[in-house]
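J.: Quick one, fold the following:
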Amino acid sequence: MRTDDTKFTLDTNAIIYYVQEDPRAVPLLEAILSKPAYPLYVSTISEVELFSFSALPEEEAERIDKLLLGVSLISLDSYIARGAARIRATYHLETPGSVIAATALFTGSTLLTRNVDDFKKIPHLSLQAI
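T.: Now for the predicted structure:
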């Protein structure tokens, strides 16, 4: 995978695997993070998901905070909400996944996820497995 000129949106699970030091996720995300000329996007719905774990260790919360400081957080506005609603209605994804997919489409970026099968049916959505 080329990381030199690709824009990415991180799925929630990509962040979780990175924070938990998954050996497949860390090298890939570090390569992406080392290229600051290209934006890295995260939907605010991922922020909700990440911080909603009741047993989130403080160390992981700090790593999430540090990662989020270096990305462009994309808020859920009406345009993304309506795109997510179309995705949810058509492809029967859960709301968070629909919002994340709509965010990637909105930003024109590749969605970095471990759940490629959940998203592959969405036309025009670029995917990269982590």
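J.: Quickly find the element holding residue 36.
T.: In this structure, residue 36 sits in neither a helix nor a strand according to DSSP states H and E.
J.: With residue 111 instead?
T.: For residue 111, the element it lies in under DSSP H and E is strand 110-113.
J.: Identify each buried residue in stretch 106-115, please.
T.: Using 16 or more other CB atoms under 10 Å as the test for burial, stretch 106-115 gives 106, 107, 109, 110, 111, 112, 113, 114, 115. Quick note: C-beta positions are derived from backbone N, CA and C, even for glycine.
J.: what's the answer for stretch 75-83, then?
T.: In stretch 75-83, counting by 16+ other CB under 10 Å, buried: 80, 83.
J.: cool, stretch 22-32 as well?
T.: Buried residues in stretch 22-32, counted by 16+ other CB under 10 Å: 22, 25, 28, 29, 32.
J.: now what about it, what contacts it?
T.: The contact list for stretch 22-32 (CB atoms under 8 Å, 6 or more residues apart in numbering) reads 1, 3, 8, 10, 14, 17, 18, 40, 112, 130.
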